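Peer 1: Here is my input; please provide its structure:
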Amino acid sequence: MIRKFVTTLGLAATLALPLSATGAAAEEKTEFSVCWSIYVGWMPWGYLSDSGIMKKWADKYGISVDIVQINDYVESINQYTAGQYDGCSMTNMDALSIPAGGGVDTTALIVGDYSNGNDAIILKDKTELADIAGQNVNLVELSVSHYLLARALDSVGLSERDLTVVNTSDADMIAAYGTDDVTAVVTWNPLVSEILEQPNATKVFDSAGIPGEIIDAMMVNTETLADNPAFGKALVGAWYEVMGLMASGDEEALTAMAEASGTDLAGYKAQLDSTEMFFAPADAVTFTESGDLPKTMQFVAEFLFDKGILGEGAPSPEFVGVSFPDGSVYGDEGNVKLRFDTTYMQMAADGAL
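Peer 2: Next comes the predicted model:
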């Protein structure tokens, strides 16, 4: 599964957790584990483990970090939320709706990238976004594809009331597009690239139209991080060592990531082209400290609230507090459960790890 496959069942199971849930037990310890799933921006986690880079950094701080690939994206977040992992790769939207919405205090330790074209709306035999009105639109419901659609519709004065959303698994999307009944889809790469090979397919909007809004990060349990700074330092140090390899065009590393993701080097590079990777920690810090991030999280919170997935019984989009590096908070300051903190990325930028 790819990072954005969010099922109603998975969300329901997670949101049924008591709001007092705190995820991984917070205490001083030396053994940690994080999980991740297949997506262009998260392939470095597998390479970190396989190459021994993670072990090198963990040894430096006298700890061990187990990196576990989970093939079901939502299941990886559910397991993190239930406390089985200390960290997990996920989008900003899913971090807010699942662990944070479920009461697990979570910190964005590494802001790795944002989608800059990987997610797209494709129409059959139509060429303008406004042509989507009145159509059935196939997408993974309650995912960032759904969010992308909402933001796109707003840009042309339309809303979801002007069309019909048809929940469709990512695994079925290409086959669905090939049928006569399906005329509009919202999906992500590599599916986007495959569908656009059809002569009747036109991309009418993509995530480059909402830059910086679909964010991919390594989220970790806030209390665990606070009690174990070595955990944060080791993860961040290992991550940016791999970012350095990628930025330099290291073909051994890039090929390994490509093959692990089911494509070749050219295919992986094509996906990277539509992903704004923050190879340098300073760039990640600048992005995370930008005044645009609070606006993005407000958009996300409003979308989640509108869909009824911002925590059980949420009375408003501000139910869950989201804190930012400057100390400001969007939402309830008494219920801050999602934190964007640049402390460890700044250490990497300063060469202080």
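Peer 1: drop to CA atoms for contacts and neighbour counts, all remaining ones
Peer 2: OK.
Peer 1: what about dumping the CA coordinates of the helix or strand harbouring Asp94 to PDB?
Peer 2: Asp94 belongs to helix 92-95 when elements are defined using DSSP states H and E. C-alpha atoms of helix 92-95 as PDB (Å, rounded to 0.1, in the frame of the first residue of the first chain):
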ATOM      1  CA  ASN A  92       0.400  15.700   8.300                       C
ATOM      2  CA  MET A  93      -3.300  15.000   7.600                       C
ATOM      3  CA  ASP A  94      -3.200  11.500   8.900                       C
ATOM      4  CA  ALA A  95      -1.100  12.500  12.000                       C
END
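Peer 1: Contacts for it, please.
Peer 2: 106, 144, 214-217, 219, 297, 300-301, 338 (C-alpha atoms under 8 Å, 6 or more residues apart in numbering).
Peer 1: Export these as TSV, with columns for neighbour count, pLDDT and secondary structure.
Peer 2: What follows is the contacts of helix 92-95, written out as TSV (neighbours: other C-alpha atoms under 10 Å; pLDDT from 0 to 100; DSSP: H, G, I helix; E, B strand; the rest coil):
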residue	neighbour count	pLDDT	secondary structure
Thr106	28	98	strand
Val144	28	88	helix
Ile214	25	94	coil
Ile215	23	96	strand
Asp216	27	95	strand
Ala217	22	97	strand
Met219	28	98	strand
Met297	20	97	helix
Val300	24	95	helix
Ala301	26	96	helix
Leu338	29	98	strand
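Peer 1: Identify the farthest-apart pair in those residues.
Peer 2: With C-alpha to C-alpha as the measure, no two of these lie farther apart than Thr106 and Val144, at 19.4 Å.
Peer 1: Burial check on Asp119, number of neighbours?
Peer 2: For Asp119, the count of nearby residues is 25 (other C-alpha atoms under 10 Å).
Peer 1: can you pull the contacts of the closest residue to it other than its chain neighbours?
Peer 2: Spatial nearest neighbour of Asp119, excluding adjacent residues (C-alpha to C-alpha, 6 or more residues apart in numbering): Trp188 at 4.2 Å. Trp188 makes contact with 118-120, 145, according to C-alpha under 8 Å, 6+ apart.
Peer 1: mind listing which of the residues you listed are in strands?
Peer 2: Among the contacts of Trp188, DSSP state E puts 119-120 in strands.
Peer 1: list the contacts for Thr342?
Peer 2: Counted by C-alpha under 8 Å, 6+ apart, Thr342 has contacts 109, 285, 288-289, 325.
Peer 1: Counting neighbours, what do you get for Asp172?
Peer 2: Other residues close to Asp172 by other C-alpha under 10 Å number 10.
Peer 1: quick one, what contacts it?
Peer 2: Not one residue lies near Asp172 by C-alpha under 8 Å, 6+ apart.
Peer 1: related to what we said a few turns ago, what's the offset of the helix holding Asp94 from the middle of its chain?
Peer 2: With C-alpha atoms, centre = their mean, to the nearest Å as the basis, the distance from the averaged C-alpha position of helix 92-95 to the chain average is 6 Å.
Peer 1: One more: stretch 249-266?
Peer 2: So, by C-alpha atoms, centre = their mean, the centroid of stretch 249-266 is 21 Å from its chain's centroid.
Peer 1: And stretch 266-278, by the same measure?
Peer 2: On C-alpha atoms, centre = their mean, the centre of stretch 266-278 falls 15 Å from the chain's centre.
Peer 1: And stretch 239-248, by the same measure?
Peer 2: With C-alpha atoms, centre = their mean, you get 19 Å for stretch 239-248.
Peer 1: Which positions in it come out as buried?
Peer 2: 239-243, 246 (16 or more other C-alpha atoms under 10 Å).
Peer 1: what about the closest residue in space to Ile215 that isn't next to it in sequence, distance to Phe287?
Peer 2: In space, and not counting its chain neighbours, Ile215 is closest to Tyr114: 4.3 Å by C-alpha to C-alpha, 6+ apart. To Phe287, Tyr114 is 10 Å away according to C-alpha to C-alpha, to the nearest Å.
Peer 1: go on, Gly267?
Peer 2: Separation of Gly267 from Phe287 (C-alpha to C-alpha): 27 Å.
Peer 1: And for Gly178?
Peer 2: 39 Å.
Peer 1: Which one of the two is surrounded by more residues?
Peer 2: A count of neighbours by other C-alpha under 10 Å puts Phe287 above the other of Gly178 and Phe287, at 17 against 13.
Peer 1: quick one: which helix or strand includes the more buried one?
Peer 2: Counting by DSSP H and E, Phe287 is found in helix 281-288.
Peer 1: Could I get the buried residue list for that helix?
Peer 2: In helix 281-288, counting by 16+ other C-alpha under 10 Å, buried: 281-285, 287-288.
Peer 1: Leaving aside the residues adjacent along the chain, what's closest to Thr91?
Peer 2: Using C-alpha to C-alpha, 6+ apart and skipping residues adjacent in sequence, the residue nearest Thr91 is Asp216, 4.5 Å away.
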